[in-house]
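>>> next input, structure requested:
(2 chains)
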Amino acid sequence: MQKLTHLKESPSQTAGPYVHIGCVPNFCGITGVYDQDLGSAMVNDRTRGERITVTGTVFDGTGTPLKDALVEIWQADAEGIYRTGDPRSAGDPNFTGWGRTAGDYDTGVWEFETIKPGAVPFPDGRIMAPHITFWIVARGINIGLQTRMYFPNDPMVANDPWLTRIEHQNRVQTLIAKEVSPTTFQFDIHLQGPDETIFFDV
Amino acid sequence: MSDGPLFHRDRTWHPKPLSPDYKTSVVRSPQKALLSMNTTLSEETGPVFAHDMLGELDNDLILNFAKPGEMALGQRIIVHGRVLDENGRGVPGALLEFWQANAGGRYRHAKEGYLAPLDPNFGGCGRTITDENGSYSLRTIKPGAYPWPNGVNDWRPAHIHFSVFGRSFGQRLITQMYFEGDPLIPLCPIVRTISDPEAVAQLIAPLDMNNTVPMDARAYTFDIVLRGRRSTMFENRMEGN
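As a prediction, this is how the structure comes out:
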């Protein structure tokens, strides 16, 4: 028999408590190496779309906020095109689509200044409701957690081709942000417990 | 021919989220099953980083935080290798960010309490972007082993943390590189979150005497593999996707 030649993906290891040193050094006081922390600015004055703030906290199984988590997001631009890698076209050149921030050392709260994403097609051509992809790492998390945030009061959510695949529809609400103000959305992430956020193997 | 969905992750190869001997994982690991999905544009696309964002010393931890004319203390090493996908192809343009303790095993971080001293010339962070073949290199000092609060006497083997971006956000990976011959590797509760010894071996960099610079720095080789993508030859996709 011939042998398959595929390589194995490098196994993950926890980001640990000092992930800030490598990923947001200016945030943790290591200045003078990089001009600014990558992912700290997603928008500029010319970015198209509705400006929003997305904020939240990651909670452990005891309800304690994680004060050492690193959160990254990836989203489409206002027209529903990803800035890079999208086979349909290039996205808004004034929008990075990617953000990274660390939770506050004292409260664990994190925040992104971004725009409301447009809708993106599912592989079969149906349209997914606007959403933001999240990736969360921290001490005690052995492999980065992948989830999605959707927007409240969005009529597209009910027919979203990704969300409708979920068996336990009573958990879908863990993926829907709360509207704090018309331009501020709160998306708390629960690693465990009755409100455990849905995480994806995708 | 390889722009289809990402290969599924082999979750038996990766560490289990709940690894009780790594105590912090107990309250930070999801208890419900992950929901399995096929990738969409949201996972197949990802941010791209341009070489021109890099400073000249970004991949040189011996110099990038040091005062002019000074250097970080420790054993000088070069770490080099390739970023590949599971199909064995080099991944060009992959952003690698790395961080580590200094030669005494101390991190430059507000929440670090080990009594070993800081090195005023060592920050501990660096980054680079792979070339057209997926190759990269960095220069640093060998990090020290250090004790950490888990069991009463747990020590981390010397290691360098790597954060990696490929072309897809679904390839996002953070891992750690260990050094050939370190007796602490098999004792470490974090290493032991990985159950397959072959998978652990994939994170241990061998000494590479051929690329060692005589009278200057030893070399270690460390290749990193990211998820591959399926061929689209029989994928039934709507036009425009």
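
>>> do you know how far the residue nearest in space to the middle of chain A is from A:Gly108?
Closest residue to the average C-alpha location of chain A: A:Phe134 at 2.0 Å, with CA atoms, centre = their mean. A:Phe134 sits 15 Å away from A:Gly108, going by CB to CB, to the nearest Å. All C-beta atoms are positioned from the backbone trio N, CA, C, and that covers glycine.

>>> ditto for A:Asn94
31 Å.

>>> which residues does A:Glu179 contact?
Applying CB atoms under 8 Å, 6 or more residues apart in numbering or on different chains to A:Glu179 gives the contacts A:152-153, A:185.

>>> now do A:Asp68
Listed by CB under 8 Å, 6+ apart, the contact set of A:Asp68 reads A:17, A:19-20, A:102-103, A:138-139, B:111.

>>> give me the phi and psi for it.
phi -130, psi 20 (degrees, to the nearest 10).

>>> for B:His161, which non-adjacent residue is spatially closest?
B:Trp99 (4.9 Å; CB to CB, 6 or more residues apart in numbering or on different chains).

>>> one more: B:Gly170?
Distance criterion CB to CB, 6+ apart; nearest residue to B:Gly170, sequence neighbours excluded, is B:Glu43 at 3.4 Å.

>>> report how many residues lie close to the one you found.
23 (other CB atoms under 10 Å in any protein chain shown).

>>> can you list the buried residues in the longest strand along chain B?
The longest strand of chain B (DSSP state E) is strand B:76-85. In terms of neighbour count (16 or more other CB atoms under 10 Å in any protein chain shown), strand B:76-85 has its buried residues at B:77-85.

>>> again with stretch B:92-107
For stretch B:92-107, the neighbour count (16+ other CB under 10 Å) marks B:93-107 as buried.

>>> tell me the mean pLDDT over that stretch?
Stretch B:92-107 carries an average pLDDT of 98.

>>> measure that stretch end to end?
Terminal residues of stretch B:92-107 are spaced 30 Å apart (CA to CA, to the nearest Å).

>>> how many neighbours does A:Gly99 have?
Neighbours of A:Gly99 (other CB under 10 Å): 24.

>>> report the contact partners of the residue most central in space within chain B.
Centroid-nearest residue in chain B, with CA atoms, centre = their mean: B:Phe162, separated by 2.3 Å. B:Phe162 sits next to B:96-98, B:174-177, B:222, B:224 when contact means CB under 8 Å, 6+ apart.

>>> of those, closest to B:Asp154?
B:Gln176 (15.1 Å; CB to CB).

>>> residues touching the closest one, list them.
A:13, B:159-162, B:190, B:203 are the contacts of B:Gln176 under CB under 8 Å, 6+ apart.
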